[in-house]
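1. The sequence isn't on hand, but the structure is:
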């Protein structure tokens, strides 16, 4: 058996040092070995990519494609003059969603297990085609109520679009808190937080948990891990069956302790091959990294994703690429860029990049801009997409090349698992058989230990956080957890129900917050219980409380210091702004008046958007809801005749000054600036479905909408 890899062997075929027949013979030997089958599959994929080299051996190659289980490629690369065994094989693996889509052997195996009623945890490479299985399960008509749990709102919208286009006629698609279930057949597409908020999740036929590895504790936001485990506990208690999906890992521990039978399938089934190029450049040698990036962009013309560790790193790369000429793109692109320059400034990283035919994607961009970046890239209107990990984790892209510019994720070094996840974005089944990965810095060494996902829900011990225990279903609590809960109940002044309702907060944070609330006087509590916009004293109290419970989020922006007035000022400006757009306009105007140099202006713009996205839309609303409940609990406990209600303020921050139904449209990809032109009392009372249909039919009739508004509506609702 050959010891060289598939890439080297193919180069030998191209150079005449190895015959195509011997190459295919090696592929067959690898495919015949259970432990080397993935290597054999790569040989076959590379042969298909160089099909002209193997035309004389096409019958052998066709047989190997079948042996490798790559049935979709049989239909694409080989023609059959008459009905044959291979024709029958292709027809047996056709998807129920689309007769033109053919399952490969692993997809077919997973689908058959699930339709037979088994629970499955699938760990497989990005290119394996896991979403096609989900769509086929829905199309099978075996499941009337399905819940799909995804990690981000961006993935809610991407999944919603896909499901809506295929099944909107037969199922109600529920993705927002304002929607009520109206049909027997319903598909919920939710984040873990939204699963925990809904009251109507019962009698679920199947739940699908995407990116299940996020169930384990990591260096990321611990509160989201706890929320996901609480969501899993709830879904396990009301669902007949589950299907969990994630990238390749070696093992999954903890589910067996919950008395749920399932089959764990770790599969390295690859439908594309990767060429990995390692440069080993010192991370601090920015000049060398930029030179290599320049050479890659010059020599490789395919769709290319450039991964960066942070927004600041993206800004540095865009600044380097500023030397590229301004592109004369389509009229739509030029109009979009002019719109960006007007609203966010021409010095902003996103605007400058787009002027050179480059899209940008990171977590604090407005959602409409994120989705437009992905659409521009996938439709090949731009060739390059510079992104952070927010795009890598699940958002659907079609790239031939991936450049890993930084070997970090924020300040943490990439481990082998994360690097593979990023690399998996290169290549795409039926589009790019061979992808290219360019690692500019040193590649992390493979961990000598197995990559195991430990499920906190299924491995409760003395260190299990109390907020997780409080949020679990009682049937999943161990005796140790029940004792922990009992001890807490007898010793704490804060009730378990309050902990359960605010499980995203650590117990010590809630207790510290309650002590602070108990230190407030009756005059302060009465001031906080008024429903009008906050006066100066109330604003001070709100700011102090938010700094107590959201210390970590504020620390990342240096807004956590007690004597820092930045947070208070921004809260006031936003509350009293007539609209979200007006607030942004005033902040951008101030940035351009007070700062010189495009780098400083771009960085300040990104920071302002980070405040809006992370602090205003997330941290502030959840802090206010906790503050409200703590005030009311204290008032009830001490028989005080007052009641706090921060619903109005929560609404302003959570919905960007829009009616909640229009905020749902913003999640779907319509820019806030466009939605503000559409708001009316009549439309605000519609359901999401009715408003979507109305806008889809009538948006061109609105005189106050411009072509960019049309673009956002068309992209979101098509």
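-> Looks like it arrived, so ask away. If you're wondering where the values come from, they're calculated on a predicted model, not measured in any experiment.
2. and residue 443, what pLDDT?
-> We have a pLDDT of 78 for residue 443.
3. I should have written residue 394 there, sorry.
-> On the pLDDT scale, residue 394 is placed at 62.
4. swap in residue 85?
-> pLDDT at residue 85 comes out at 56.
5. Equivalent analysis for residue 472, please.
-> 95.
6. Run a quick neighbour tally on it.
-> When counting by other Cβ atoms under 10 Å, one arrives at 25 neighbours for residue 472. All C-beta spots, glycine's among them, are computed from the backbone N, C-alpha and C.
7. likewise residue 215?
-> The local packing of residue 215 (other Cβ under 10 Å) involves 25 other residues.
8. Wait, it touches residue 455, no?
-> Yes - the pair residue 215 / residue 455 is scored as a contact, 5.4 Å apart, by Cβ atoms under 8 Å.
9. okay, and the common contacts of these two?
-> Common contacts of residue 215 and residue 455, defined by Cβ atoms under 8 Å, 6 or more residues apart in numbering, comprise 229, 232.
10. got a list of what residue 288 touches?
-> Contact analysis of residue 288 by Cβ under 8 Å, 6+ apart lists 281, 282.
11. mind redoing it with 10 Å?
-> By Cβ atoms under 10 Å, 6 or more residues apart in numbering, residue 288 lies in contact with 279, 281, 282, 440.
12. quick one, what contacts residue 110?
-> Per Cβ under 10 Å, 6+ apart, neighbours of residue 110: 103, 118, 120, 122, 124, 128, 130, 133, 136-137, 243, 245, 263, 265, 267, 269.
13. Residue 129 now?
-> So residue 129 contacts 72, 101, 103, 104, 106, 107, 269, 271, 428, 429, 430 (Cβ under 10 Å, 6+ apart).
14. Phi first, then psi, for the closest residue to residue 456 other than its chain neighbours.
-> Closest residue to residue 456 apart from its sequence neighbours, by Cβ to Cβ, 6 or more residues apart in numbering: residue 229 at 5.2 Å. When read as degrees, to the nearest 10, the backbone of residue 229 gives phi -70, psi -40.
15. Surely residue 229 is in contact with residue 457?
-> Yes - applying Cβ atoms under 10 Å as the test, residue 229 and residue 457 come out as touching, 4.4 Å apart.
16. Scan the contacts of residue 129 and report the most crowded one.
-> Result: residue 107 is most packed of the contacts of residue 129 (other Cβ under 10 Å), 26 neighbours.
17. what about that one, which helix or strand?
-> In this structure, residue 107 sits in helix 105-115 according to DSSP states H and E.
18. now swap in residue 708 and tell me
-> helix 707-717.
19. What is that helix packed up against?
-> helix 153-167, helix 331-344, helix 367-378, helix 660-667, helix 672-678, helix 688-698 (3 or more Cβ pairs under 10 Å, 6 or more residues apart in numbering; DSSP states H and E).
20. ok, now with 7 Å
-> helix 331-344, helix 367-378, helix 672-678, helix 688-698 (3 or more Cβ pairs under 7 Å, 6 or more residues apart in numbering; DSSP states H and E).
21. just how off-centre is it within its chain?
-> 22 Å (Cα atoms, centre = their mean, to the nearest Å).
22. Check stretch 479-491 too.
-> Its chain's C-alpha centre and that of stretch 479-491 lie 35 Å apart, by Cα atoms, centre = their mean.
23. In the chain, which residue is most central in space?
-> residue 152 (4.3 Å; Cα atoms, centre = their mean).
24. Can you give me the pLDDT of the spatially closest residue to it that is not a sequence neighbour?
-> Leaving aside its sequence neighbours, residue 152 sits nearest to residue 191 (Cβ to Cβ, 6+ apart; 6.7 Å). Each residue has a pLDDT score; the one for residue 191 is 95.
25. repeat for residue 5
-> For residue 5, the predicted pLDDT is 87.
26. who's in contact with residue 77?
-> Listed by Cβ atoms under 7 Å, 6 or more residues apart in numbering, the contact set of residue 77 reads 48, 51.
27. circling back to that earlier point, just the contacts of residue 110: which are in strands?
-> 120, 122, 243, 245, 263, 265 (DSSP state E).
28. buried subset of those residues?
-> 120, 122, 243, 245 (16 or more other Cβ atoms under 10 Å).
29. Now render the residues you listed as TSV, adding pLDDT and distance to residue 340.
-> Output for those, formatted as TSV (pLDDT from 0 to 100; distance: Cβ to Cβ, whole Å):
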residue	pLDDT	distance to residue 340
120	97	44
122	95	40
243	97	40
245	94	35
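30. which one among those residues gets closest to residue 701?
-> residue 245 (42.1 Å; Cβ to Cβ).
31. any idea how far residue 195 is from the residue nearest to residue 456?
-> 11 Å (Cβ to Cβ, to the nearest Å).
32. Looking at these two, which is more packed in?
-> Each of residue 229 and residue 195 has its neighbours counted (other Cβ under 10 Å); residue 229 has more, 27 against 21.
33. quick one on the thing from earlier: out of the ones in strands among the contacts of residue 110, who's nearest residue 224?
-> For those, the nearest to residue 224 is residue 245 (17.6 Å; Cβ to Cβ).
34. quick one: that closest one and residue 122 touch, right?
-> Yes - Residue 245 lies in contact with residue 122 (Cβ atoms under 7 Å); the separation is 5.3 Å.
35. Now do the shared contacts for those two.
-> Contact criterion Cβ under 7 Å, 6+ apart; residues shared by residue 245 and residue 122: residue 130.
36. so which of the helices and strands packed on helix 707-717 gets nearest residue 520?
-> Comparing the helices and strands packed on helix 707-717 by Cβ to Cβ, helix 672-678 comes nearest, at 35.0 Å.
37. helix or strand right after that closest one?
-> Assigned by DSSP H and E, the successor of helix 672-678 is helix 681-684.
38. So what touches that following helix?
-> With contact meaning Cβ under 7 Å, 6+ apart, helix 681-684 is reached by 659, 661, 662, 691.
39. Going by distance to residue 413, which of the residues you listed wins?
-> With Cβ to Cβ as the yardstick, the closest approach to residue 413 among the contacts of helix 681-684 comes from residue 662, at 41.7 Å.
40. how far away is that closest one from residue 294?
-> Noted for residue 662: a distance of 43 Å to residue 294, by Cβ to Cβ.
41. Turn the ones in strands among the contacts of residue 110 into TSV, columns for distance to residue 466.
-> Output for the ones in strands among the contacts of residue 110, formatted as TSV (distance: Cβ to Cβ, whole Å):
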residue	distance to residue 466
120	32
122	32
243	30
245	30
263	33
265	34
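42. between those residues, which is closest to residue 602?
-> Each of the ones in strands among the contacts of residue 110 was checked against residue 602 using Cβ to Cβ; the closest is residue 245, at 36.8 Å.
43. mind checking which helix or strand of this structure has the lowest mean pLDDT?
-> Ranked by mean pLDDT, DSSP states H and E, the weakest helix or strand in the chain is helix 85-92, scoring a mean of 60.
44. Apply the buried test to the contacts of helix 681-684 and list what passes.
-> For these, buried by 16+ other Cβ under 10 Å: 659, 661, 662, 691.
45. Give the burial count for the closest residue to the first one other than its chain neighbours, as a bare number.
-> Taking Cβ to Cβ, 6+ apart, and ignoring the residues beside it in sequence, residue 659 has residue 684 as its nearest neighbour in space, at 3.9 Å. As a burial measure, the neighbour count of residue 684 was computed by other Cβ under 10 Å and equals 14.
46. show me what contacts residue 124?
-> 130, 248, 267, 269.
47. Repeat that for residue 311.
-> Contacts here follow Cβ under 7 Å, 6+ apart; on that basis residue 311 touches 362, 364, 388, 606.
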